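Enquirer: curious how this folds, go ahead:
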Amino acid sequence: MFVQYPDLKDKIILVTGATRGIGRSIATVLARQQAHVVFNYRGDESIAEELKKEITNLGGKATALKFDITETANFTDKLATFIKEIGPITGLVNNAGISKDQIVLRIKEEDVDKIIDVNLKSAILLTSALSRYFLKAENVSIVNVSSVVGLMGNPSQIAYAASKAGLIGFTKSYAKELASRNIRCNVICPGFIKTDMTESLSAETKESYLSNIPLKRFGDSEEVAGLICYLLSCASSYITGEIIKIDGGLYI
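Expert: Numbering: from 1, shown residues only. Next up is the predicted model:
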């Protein structure tokens, strides 16, 4: 069910990792809210242009900025220029993330560094860079996308789980630090969500996962996007520092 939040119309919202997966659903659902979606991309410009066109066709506005979220100086300059020329960013969705599953005895230092850099460090530094602008803006809301794995742990995902748990600690600390300035920060923890990865699983593997989910289905990426829209909107104006699971009851 689609819920319209009038205050999201024309709200400038930065979404990282928006060119694929859950991030793309976040961008397109925000477009249906008629928001101004800003997203980053690293490589093929045609992918960015395709997403811009989709956002526009759905009723939103779109700006694509070419930067890597792990290159702090680069994104700081790009965002400063955008804000000066277009206007303040008042919504942020730290969604970008990677995983490389490996048992602890075989984990590589470079893989740990990359996972922490993308999933946690970049979110902290990106939010920090925008905070000086948030202090001058109104109705600022930040949503960090963690994972149920960050709450419950998972074999062969030690670095990933650690990075996602780190997002939870970051969210709570940031929420406390900036609450007096009416800047809100919440974190969501998705469970198994339908993506290309889950679609490629064998029927036996799917059944094994589903047996642990009380609602007996995988979530839809638009359900995740709907929760994020709520948290970005003034409908959730008295909610900050919260951890919200969207997992079908997987971790009760």
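
Enquirer: all helices for this structure, in order.
Expert: Counting by DSSP state H, residue ranges of the helices within the chain are 21-32, 45-57, 72-85, 109-116, 122-134, 149-152, 158-178, 196-199, 203-210, 221-232.

Enquirer: out of the ones you listed, the one nearest Val3 is which?
Expert: Ranking the helices of the chain by their distance to Val3 (criterion: C-beta to C-beta) puts helix 221-232 first, at 6.6 Å. C-beta coordinates here come from the backbone N, C-alpha and C atoms, glycine included.

Enquirer: that closest one packs against which elements?
Expert: Contact partners of helix 221-232 among helices and strands, from 3 or more C-beta pairs under 8 Å, 6 or more residues apart in numbering; DSSP states H and E: helix 21-32, strand 91-94, strand 140-145, strand 183-190, strand 243-246.

Enquirer: in CSV: the ones you listed, plus distance to Tyr174.
Expert: Listed next are the helices and strands packed on helix 221-232 as CSV, based on distance: least, C-beta to C-beta, whole Å:
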stretch, distance to Tyr174
helix 21-32, 20
strand 91-94, 11
strand 140-145, 7
strand 183-190, 5
strand 243-246, 13
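
Enquirer: in JSON lines, list these along with mean pLDDT and mean neighbour count.
Expert: As requested, the helices and strands packed on helix 221-232 are arranged in JSON lines below (pLDDT from 0 to 100; neighbours: other C-beta atoms under 10 Å):
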{"stretch": "helix 21-32", "mean pLDDT": "97", "mean neighbour count": "23"}
{"stretch": "strand 91-94", "mean pLDDT": "98", "mean neighbour count": "27"}
{"stretch": "strand 140-145", "mean pLDDT": "98", "mean neighbour count": "26"}
{"stretch": "strand 183-190", "mean pLDDT": "98", "mean neighbour count": "24"}
{"stretch": "strand 243-246", "mean pLDDT": "98", "mean neighbour count": "18"}
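
Enquirer: so for Leu201, which of the ones you listed sits nearest?
Expert: Counting by C-beta to C-beta, Leu201 lies closest to helix 21-32 out of the helices and strands packed on helix 221-232; the figure is 15.2 Å.
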